[in-house]
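Turn this into a model:
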Amino acid sequence: STLPNPFYVSRNKKIITLIMYPLKLRVTPSMRRTSSSSSASGSATNESSSEDTPLTLTVLGRYARGELPRKSELSDPNNPNIGELARDQTMVRRRIKPEEKAEFVPGRGLVGSEFAHIDEEEDPERPVHEERAILVQNLASYEALLQSEFRHCFEQPNDGSQSTSSLIDAILDDPSFGEQAIVKGADSSQLSVGDIFEVEGGLSQIKIELSSPRHTCYSVDQRCGTPYGMAGIHRYALTHSLGGWFGRILVGGELRDGMRLVRTAHPHPKWTLEYLSTALYCEGDRFDMVRSAASWNRSIEELQELSMIKQLGYDEWGEEVTRLLNKTERGGDSSSDSSSVSDTDSSTSDTDSEDDDDENGDEWVQEQPKKSDMDMSQQATETETNGAADEGTNTEAQEIMKCSENFHTSTISLCTGSF
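Residues are numbered from 1 along each chain as shown. The predicted structure follows:
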């Protein structure tokens, strides 16, 4: 009763005046969260929209190792150099037909098709990496890449139709990330380390636990025809967490197209693929970014929190967390929430951690690609030009150039996924 009537009619019978007062709507924090959630979810299923509805992934395709095309043309068909491999000879995959059975077992993953986490023939001393028993790619990652500057990587030169839907169909038949499965229903901001998925309706006993994001390697650049280094799709996918994810097979079972994987455990909602990738591989200095090396620029307490997640995969994630934590504790700077650590160590072991990237589905080659690179050299030149008067900047440029040279001349392992 204390508010003015929004409609007022003057008492003058000859002139009727309508006056409307603007009404103010107060937006509450809960309304903001609802709006933000709905706008960010896109086409992916958003579990927060209903606490009673678990996140569900639908299997769109299953993939085994494919036959290497034109194998006889290679100088050493049984142990080819990555530098002579064409795009279609890198991370070759064969889509498993609907009527074919795809059985996954703990540790080894897909039965009848060996991948890089199993190196018994090449290195009997190397243990099976059970946390990488399956590599899954999200359809949302491909959709994001098709909206990026890397759309051309997936376009078919002999196909008249270049619509997004036709490109998606082509990707489902011939994927580019070495995955064993493509699913739809979520993106990297909705999936977290430790999530467990089971098949809806008990159609299969398989149980998968998400262990880590996929740290994309240079084989993705090779496969997609992009430069090695900062300008390549591998670095873009790592920065935007578009490389997919690795999982343990907790309970073996069959996986078929159309099966719905329901999330039955979500123990670490904070540590999404996106959050973890950003924190560990996207906040370093220029030298770290060029090498795709791990670094830490957040609180030591948060790093300790991450180190306590037992489900986190060891390769490239758990091992880097442990290394960074040990380095921080040796420095004695772990008492303040505002303290942080950044790893700029240029030792050989750090350089090897990127190139020793044993992506699921990728075998090993003993010699580095001999392509002229890698915009690492370009970046070093740019750094040297822009900061010629700064001795520190020149030192950084020299280190990056040295890193680039070592990348070509060393004989450390590099995954190719070709065999």
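
ok, the strand of greatest length in the chain: who's next to it in the sheet?
When the chain is scanned for its longest strand (criterion: DSSP state E), the result is strand 56-65. Strand 56-65 sits in its sheet next to strand 93-95 (antiparallel), strand 181-184 (antiparallel), strand 260-265 (antiparallel), going by DSSP bridges.

Quick one: closest of these to Tyr228.
Checking those against Tyr228 by CB to CB gives strand 93-95 as the closest, at 21.6 Å. For the C-beta atoms, the positions are set from N, CA and C on the backbone; glycine is no exception.

Please spell out which residues along that closest one are buried.
The neighbour-count criterion (16 or more other CB atoms under 10 Å) identifies 93, 95 as the buried residues of strand 93-95.

Can you show me the strands along the stretch 151-300 of the chain?
Along the stretch 151-300 of the chain, counting by DSSP state E, counting those that start in this stretch, strands occupy 181-184, 196-199, 207-213, 245-251, 253-254, 260-265.

Take those and write them to TSV, including mean neighbour count.
As requested, those are arranged in TSV below (neighbours: other CB atoms under 10 Å):
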stretch	mean neighbour count
strand 181-184	24
strand 196-199	22
strand 207-213	25
strand 245-251	22
strand 253-254	18
strand 260-265	18
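
mind giving me TSV with those strands and columns for mean pLDDT and distance to Glu302?
As requested, the strands of the stretch 151-300 of the chain are exported to TSV (pLDDT from 0 to 100; distance: least, CB to CB, whole Å):
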stretch	mean pLDDT	distance to Glu302
strand 181-184	98	29
strand 196-199	98	24
strand 207-213	98	17
strand 245-251	98	21
strand 253-254	98	36
strand 260-265	98	22
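
Now render those strands as JSON lines, adding distance to Val105.
Shown next, in JSON lines, are the strands of the stretch 151-300 of the chain (distance: least, CB to CB, whole Å):
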{"stretch": "strand 181-184", "distance to Val105": "15"}
{"stretch": "strand 196-199", "distance to Val105": "15"}
{"stretch": "strand 207-213", "distance to Val105": "12"}
{"stretch": "strand 245-251", "distance to Val105": "6"}
{"stretch": "strand 253-254", "distance to Val105": "9"}
{"stretch": "strand 260-265", "distance to Val105": "17"}
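
who wins for proximity to Arg65 among these?
With CB to CB as the criterion, Arg65 lies closest to strand 181-184 of the strands of the stretch 151-300 of the chain, at 13.7 Å.

Contacts only, for the closest residue in space to Gly252 that isn't next to it in sequence.
Distances taken as CB to CB, 6 or more residues apart in numbering put Val105 closest to Gly252, at 4.2 Å, once the chain neighbours are dropped. By CB atoms under 8 Å, 6 or more residues apart in numbering, the contact list for Val105 reads 111, 133, 249, 252.

Can you tell me which of those residues are buried?
Neighbour counting by 16+ other CB under 10 Å classes 133, 249, 252 among those as buried.

can you put those in JSON lines and add distance to Gly225?
Formatted as JSON lines, the buried ones among the contacts of Val105 follow (distance: CB to CB, whole Å):
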{"residue": "Ala133", "distance to Gly225": "29"}
{"residue": "Ile249", "distance to Gly225": "33"}
{"residue": "Gly252", "distance to Gly225": "37"}
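
all helices in the stretch 51-200 of the chain, in order from the N-terminus.
Assigned by DSSP state H, counting those that start in this stretch, the stretch 51-200 of the chain shows helices spanning 139-146, 164-173.

Mean neighbour count, those: which tops it?
helix 139-146 (a mean of 21; mean count of other CB atoms under 10 Å).

between it and helix 164-173, how many degrees?
Comparing the axes of helix 139-146 and helix 164-173 via axes from the mean of the first three to the mean of the last three CA atoms, to 10 degrees yields an angle of 120 degrees.

any idea of the angle helix 139-146 forms with strand 245-251?
170 degrees.

what packs against helix 139-146?
The helices and strands touching helix 139-146, judged by 3 or more CB pairs under 8 Å, 6 or more residues apart in numbering; DSSP states H and E, are helix 164-173, strand 181-184, helix 233-239.

what about it, average pLDDT?
Helix 139-146 carries an average pLDDT of 98.

Dump the C-alpha coordinates for it into PDB.
Below are the C-alpha coordinates for helix 139-146, written out as PDB (Å, rounded to 0.1, in the frame of the first residue of the first chain):
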ATOM      1  CA  LEU A 139      31.800 -35.600 -28.700                       C
ATOM      2  CA  ALA A 140      31.700 -32.200 -27.200                       C
ATOM      3  CA  SER A 141      35.500 -31.900 -27.700                       C
ATOM      4  CA  TYR A 142      35.200 -32.500 -31.400                       C
ATOM      5  CA  GLU A 143      32.300 -30.100 -31.600                       C
ATOM      6  CA  ALA A 144      34.400 -27.400 -29.900                       C
ATOM      7  CA  LEU A 145      37.300 -28.100 -32.300                       C
ATOM      8  CA  LEU A 146      35.000 -27.700 -35.300                       C
END
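
any residues touching that helix, and which ones?
For helix 139-146, with CB under 8 Å, 6+ apart as the criterion, the contacting residues are 42-44, 60, 151, 153-154, 164, 167-168, 171, 177, 182-184, 186-188, 233, 236-237, 240, 242-244.

How much space separates Gly253 from Ile206?
Counting by CB to CB, to the nearest Å, the gap from Gly253 to Ile206 is 3 Å.

Tell me what Val59 is bridged to.
Beta-bridge partners, per DSSP bridges, of Val59: Val183.

Test my guess that it contacts Ile206.
No - contact criterion CB atoms under 8 Å: Val59 and Ile206 do not qualify, at 10.5 Å.

what touches both of the two?
Leu255.

Distance of Gly202 relative to Met259?
11 Å.

Show me which of those two is the more surrounded one.
Met259 (20 against 7; other CB atoms under 10 Å).
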